[in-house]
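**Student:** I would like the atomic coordinates for the input below:
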Amino acid sequence: MTYVAEEINSQPGLWRRAVSQAAEVTGALPRPGERVAVVGCGTSWFMAMAYAALREAAGQGETDAFAGSEFPIDRPYDRIVAITRSGTTTEVLDILRKAGDRCTVLVGDVDTPAVTLARDVIALPWADERSVVQTRFATSALTLLRASLGEDLAKAADDAQRALELPLPLDPATIEQVTFVGRGWTNGLAQEAALKCREAATFWTEAYPAMDFRHGPISISTTGRAVWAFGEVPPGLREDVEATGATFVHDPSIDPAAHLIVAQRFAVALAEHKGLDPDTPRHLTRSVVLS
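**Tutor:** Below is the predicted model of the structure:
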């Protein structure tokens, strides 16, 4: 079994651990009413998007998400939450050096510069990974952040176990293209699902807000392709997609983050079908360190 497959399978137990840790780190997380920015790169940015939407929806305060390279450093946020598995990503370290006294960092590798630069550190070494393709660290960090907002995630953890056992909704041998869509916080999950398929299997995926999908992207939908939805589905979207001949994938019975686990498994299955090793994705390294 590949590292990434093992790490995908470990997520249910790690989510429960993340919920427990959330109760221990409340002082390091944003307080209600604070104006907050959440930053990360790649997968971590997409988890930032999900948390930002959830925090605002929970009435906790204005919350924005940025790719590390695009963060407006002079904007007066009360708190900056940085998510970084490696603790070495160049763009995130730049932010921490400039604004560390306002920063909380969620990090996998604790023996890294990010730990020394942030005001508060939430260490998740138990969720760190050997694989380049990130799975369990991201979902564990998001689970901790969701729990910090007061969500009861017992069902989500149970759903994560179910997600490991569900049949894949698409056949890697016959599907040509997938577009992932989401609404609100699940838009970040859709972006992440698309990235997993590109990273692990060099597979053509796209991702959009579900309501925006009909404003152009639906034009590529056809037989042999699919639209995979997370969370709430806009009225009429399934019917519009199926009218194109494309397959519509949606499972409202499980937590949307657990549905992301199914997409992670699909990405690995795509790689294996194509004869690729998902542990050694093309052109990628575990951390992007720029000179």
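**Student:** Verify the contact between residue 157 and residue 19 for me.
**Tutor:** Yes - using C-beta atoms under 8 Å, residue 157 is in contact with residue 19, at 7.2 Å. Every residue, glycine included, has its C-beta placed from N, CA and C.
**Student:** which ones are touching the closest residue to residue 42 other than its chain neighbours?
**Tutor:** The shortest distance from residue 42 to any non-neighbouring residue, by C-beta to C-beta, 6 or more residues apart in numbering, is to residue 195 (6.8 Å). Contact analysis of residue 195 by C-beta atoms under 8 Å, 6 or more residues apart in numbering lists 42, 43, 46, 205, 207.
**Student:** Residue 147: helix or strand, and which one exactly?
**Tutor:** helix 136-148 (DSSP states H and E).
**Student:** ok, residues contacting that helix?
**Tutor:** With C-beta under 8 Å, 6+ apart as the test, helix 136-148 has contacts from 7-8, 10-11, 14-15, 17-19, 21-23, 25-26, 29, 43-44, 46-47, 50-51, 54, 81, 83, 85, 106, 108, 122, 124, 127-129, 153, 156-157, 192, 257, 260-261.
**Student:** Just the helices from the stretch 1-150 of the chain, written as ranges.
**Tutor:** Assigned by DSSP state H, counting those that start in this stretch, the helices in the stretch 1-150 of the chain fall at 3-9, 11-22, 43-57, 90-99, 113-117, 136-148.
**Student:** May I see the buried residues of the longest one?
**Tutor:** I take that to be helix 43-57. Across helix 43-57, burial judged by 16 or more other C-beta atoms under 10 Å covers 43-56.
**Student:** Just give me how far that helix sits from the chain centre.
**Tutor:** 8 Å (C-alpha atoms, centre = their mean, to the nearest Å).
**Student:** Tell me what angle it forms with helix 90-99.
**Tutor:** Put simply, helix 43-57 runs at 50 degrees to helix 90-99, going by axes from the mean of the first three to the mean of the last three C-alpha atoms, to 10 degrees.
**Student:** Mind jotting down where the strands sit in the protein?
**Tutor:** For the chain, the strands defined by DSSP state E cover 36-40, 63-67, 79-84, 103-107, 120-123, 177-182, 205-209, 225-230, 247-249.
**Student:** tell me how far the fourth one is from the chain's mean position?
**Tutor:** The reference is to strand 103-107. Going by C-alpha atoms, centre = their mean, where strand 103-107 is centred and where its chain is centred differ by 16 Å.
**Student:** Give me the mean pLDDT for stretch 233-244.
**Tutor:** Throughout stretch 233-244, pLDDT has a mean value of 98.
**Student:** Using PDB, write out every CA atom in that stretch.
**Tutor:** The C-alpha trace of stretch 233-244 is given here as PDB (Å, rounded to 0.1, in the frame of the first residue of the first chain):
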ATOM      1  CA  VAL A 233     -26.800  21.400  -4.300                       C
ATOM      2  CA  PRO A 234     -28.500  24.400  -6.000                       C
ATOM      3  CA  PRO A 235     -32.000  23.600  -7.200                       C
ATOM      4  CA  GLY A 236     -32.000  22.200 -10.800                       C
ATOM      5  CA  LEU A 237     -28.200  21.600 -11.000                       C
ATOM      6  CA  ARG A 238     -28.500  17.900 -11.100                       C
ATOM      7  CA  GLU A 239     -31.000  18.000 -13.900                       C
ATOM      8  CA  ASP A 240     -29.000  20.500 -15.900                       C
ATOM      9  CA  VAL A 241     -25.900  18.400 -15.600                       C
ATOM     10  CA  GLU A 242     -27.600  15.100 -16.500                       C
ATOM     11  CA  ALA A 243     -29.200  16.800 -19.500                       C
ATOM     12  CA  THR A 244     -25.600  17.200 -20.900                       C
END
